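In: missing the sequence, but the structure's below:
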């Protein structure tokens, strides 16, 4: 058998592996929508359980912390393990934990049962995100920013739908209304079994294509890569610590300042999260076209003027500013994630697990800290304080321009 006869099938496999599989991207985005919609029920149910069980803001923060820690600490380890041993059907298994958590949440009879319930949902999330991010990577066909944006769009749309559905279902029917959402978890399990079959085949094609694909890597030192990853994690801290003030306490802020009803405040939270979903879709493609560093710079630091105005605005301008902030700040995560994956090639699962995990961890820590602070000061004060967090985006100036480095190395 000649070398040419061996190379042609490999080249054909390479061509297939490099095609963008939009059907899978939108399917994994749909599963991300369902996953994050179910996760977003946790903050959406806070006003209900706070009254029912006489919880303090500190207790609310602790519930969020338990959820976010269970959803974050396992993620890097899941990513590291699956980088070496991919598990195509782990996605559906992880969703099974979410289903168990929802059932427990619907029938929880006290504070500690609530903690156990959100822990199960968090475990499901810790399995879902690293592996689903790898699916998006495999289906990207090289359009990694676009793929991550489509994937993230599903998650953010789900996060936006959660409060809206909670206002329509949980507020009228109470805590047991959560049980209806177990049907969404069952649907997600079916979808993820289908994705698992494609994932298994894609791993085979990718391993064959790797024989003929030559990647253009950057030439940064290990020290520079480590420093860049630290800067990216600090930027994640600023983004998600701020977002935790919105997702966890925005409803209480609106109720306290503008005397809205619980249902009315949930609709305003939906408006903000819908803006986040819209901004997410733009971040990845813009990063592919103009460079991820510039998108990171604009999306973090660019939100600062608007976050600093929000605590002092009336209800109309609060809604307008929340939309602007949501669109701008949400464009960062896809760019940050793909930038980090390009910094450390071959570590897709580890990077996804680390950054998703750190994001959830910062969200949980932020919610717990802000809850205690709100108990001792006021809800309005924490919004005034958190308004300065996007200024940390100035650190983006220390990130290397790896797109330029890769182009230069490719031309040599």
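Out: Ah, there it is. Just so it is clear, the structure is predicted and the values come from calculations on it, not from any experiment. Numbering: from 1, shown residues only.
In: give the contact list for residue 200.
Out: For residue 200, the residues meeting the contact criterion (CB atoms under 8 Å, 6 or more residues apart in numbering) are residue 88. To be clear about C-beta, it is placed using only N, CA and C from the backbone, and glycine gets the same treatment.
In: Could you pull up phi and psi at it?
Out: Note on residue 200: its backbone torsions stand at phi -60, psi -40 [degrees, to the nearest 10].
In: and the gap between it and residue 367?
Out: With distances taken as CB to CB, to the nearest Å, residue 200 is found 37 Å from residue 367.
In: Also residue 314?
Out: Here residue 314 is placed at a distance of 26 Å from residue 367 (CB to CB).
In: Per-residue pLDDT of residue 359, please?
Out: Here the pLDDT value assigned to residue 359 is 75.
In: nearest residue to it other than its sequence neighbours?
Out: Excluding the flanking residues, the one nearest residue 359 by CB to CB, 6 or more residues apart in numbering is residue 240, at 4.7 Å.
In: Neighbours of the one you found, how many?
Out: Around residue 240 there are 23 other residues, counting by other CB atoms under 10 Å.
In: was I right about it contacting residue 366?
Out: Yes - in this structure, residue 240 is within contact of residue 366 by CB atoms under 8 Å, at 6.8 Å.
In: Now for residue 184: which residues touch it?
Out: When the contact criterion is CB under 8 Å, 6+ apart, the partners of residue 184 are 34, 37, 38.
In: Out of those residues, list just those in helices.
Out: 34, 37, 38 (DSSP state H).
In: Filter these down to the buried ones.
Out: Buried residues within the ones in helices among the contacts of residue 184, defined by neighbour count using 16 or more other CB atoms under 10 Å: 34, 37, 38.
In: dump the residue contacts of the second one.
Out: So that's residue 37. Listed by CB under 8 Å, 6+ apart, the contact set of residue 37 reads 158, 159, 161, 162, 165, 181, 184.
In: Of all those, the one with the weakest confidence?
Out: Confidence by pLDDT is poorest for residue 159 among the contacts of residue 37, given 77.
In: Would you agree that residue is in contact with residue 277?
Out: Yes - Residue 159 is within contact range of residue 277, at 7.4 Å (criterion: CB under 8 Å).
In: between those two, who's got more neighbours?
Out: Taking other CB under 10 Å, residue 159 and residue 277 do not tie; residue 159 has more neighbours (28 against 23).
In: if I look at the more buried one, how far off is residue 165?
Out: 11 Å.
In: Ok, residue 185 next?
Out: Shown here: residue 185 relative to residue 165, a distance of 13 Å by CB to CB.
In: Could you do residue 76 as well?
Out: Distance of residue 76 to residue 165, computed by CB to CB: 31 Å.
In: Please apply the same query to residue 274.
Out: Distance from residue 274 to residue 165, by CB to CB: 13 Å.
In: Show me where this structure dips below the pLDDT cut-off.
Out: 1-18, 206-218, 360, 363-364, 403-412 (pLDDT under 70).
In: tell me how far the one helix or strand residue 155 maps to is from the chain's mean position?
Out: Element membership for residue 155 (DSSP states H and E) is helix 144-165. Computed by CA atoms, centre = their mean, to the nearest Å, the chain-centroid distance of helix 144-165 equals 8 Å.
In: Give me the helices and strands touching it, please.
Out: For helix 144-165, the packing partners by 3 or more CB pairs under 8 Å, 6 or more residues apart in numbering; DSSP states H and E come out as helix 22-44, helix 111-139, helix 262-290, helix 332-343.
In: Tell me which of those helices is the most buried.
Out: helix 332-343 (a mean of 27; mean count of other CB atoms under 10 Å).
In: relative to helix 262-290, how tilted is that one?
Out: Interaxial angle, helix 332-343 versus helix 262-290 (axes from the mean of the first three to the mean of the last three CA atoms, to 10 degrees): 40 degrees.
In: what about the residue nearest to residue 180 when sequence neighbours are not counted, how many neighbours?
Out: In space, and not counting its chain neighbours, residue 180 is closest to residue 169: 6.0 Å by CB to CB, 6+ apart. For residue 169, the neighbour count with other CB under 10 Å is 17.
In: could you list every residue that touches residue 169?
Out: Shown in contact with residue 169 (CB under 8 Å, 6+ apart): 177, 180, 181.
In: Next, find the distance separating it from residue 278.
Out: When residue 169 is compared with residue 278 (using CB to CB), they lie 24 Å apart.
In: Residue 42 now?
Out: With distances taken as CB to CB, residue 42 is found 23 Å from residue 278.
In: Report the contact partners of residue 100.
Out: Residues residue 120 are the ones in contact with residue 100 under the rule CB under 8 Å, 6+ apart.
In: redo that, cut-off 10 Å
Out: Contacts for residue 100 were tallied using CB atoms under 10 Å, 6 or more residues apart in numbering; they are 117, 120, 121, 123, 124, 182, 185.
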